[in-house]
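Chemist: Need a 3D model of the following:
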Amino acid sequence: MAKRPILILPDPVLRKVAEPIAAVDERVRTLADDMLETMYEAPGIGLAGPQIGVLERIIVCDVVTEEGADPNPMVLVNPEILEASEETSTYEEGCLSIPDYTEDVTRPACVRVTYLDRDGERREVAAEGLLATCLQHEIDHLNGVLFIDHLSRLKRDRVTKRFQKQAKHA
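Modeler: Residues are numbered from 1 along each chain as shown. Predicted coordinates:
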């Protein structure tokens, strides 16, 4: 396993659409392990391929946040939202690619997602609460969408300009 560098806004890769993964093989499992290590080290609860410069449809997440609880990592290859509830919930979201910035985002409260697991088996998960939010956030990344795209234009423009300035000075 190896920790990978996380791309930061305004990196243009974050706005690209990721390609489907043809087959889950050892390369994909190694990528998933690297992504989990990167996510835990950051620390975060989710990470998508494009955030580490890999334009492939893979996400990892672990929403276990209780101190001392055993990790519960999920690897989702080619995830797709099959259903989303009309009921919504609002969570304060942040992003490893937009460090030190959080904002309330409203999304469907429940989703049903299909994906391939790390063995290439087709799975489905019905998610609610923080897991539903995390899955939607990470699947957005696969489509070149950032959580700030769910904010007002004024808020989105402010944070984008801030990160563009930081990138110039770096």
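
Chemist: So for the chain, the centremost residue is which one?
Modeler: Geometric centre of the chain, nearest residue: residue 138, 2.5 Å, by CA atoms, centre = their mean.

Chemist: Might you report the residue contacts of it?
Modeler: Taking CB atoms under 8 Å, 6 or more residues apart in numbering as the criterion, residue 138 is in contact with 46, 47, 48, 59, 61, 76, 79. Glycine gets a C-beta too; all of them are placed from N, C-alpha and C.

Chemist: Secondary structure class of it, three-state.
Modeler: helix (DSSP: H, G, I helix; E, B strand; the rest coil).

Chemist: go on, residue 28?
Modeler: Applying three-state DSSP: residue 28 is helix.

Chemist: So it is in contact with residue 21, correct?
Modeler: Yes - Residue 28 lies in contact with residue 21 (CB atoms under 8 Å); the separation is 5.9 Å.

Chemist: okay, and the common contacts of the two?
Modeler: 58, 77.

Chemist: I'd like the average pLDDT over stretch 147-158.
Modeler: If you average the pLDDT over stretch 147-158, you get 97.

Chemist: So what's the residue count around the residue nearest to residue 58 when sequence neighbours are not counted?
Modeler: Computed as CB to CB, 6 or more residues apart in numbering, the closest residue to residue 58 that is not its neighbour in sequence is residue 49, at 4.6 Å. Close neighbours of residue 49, defined as other CB atoms under 10 Å, add up to 24.
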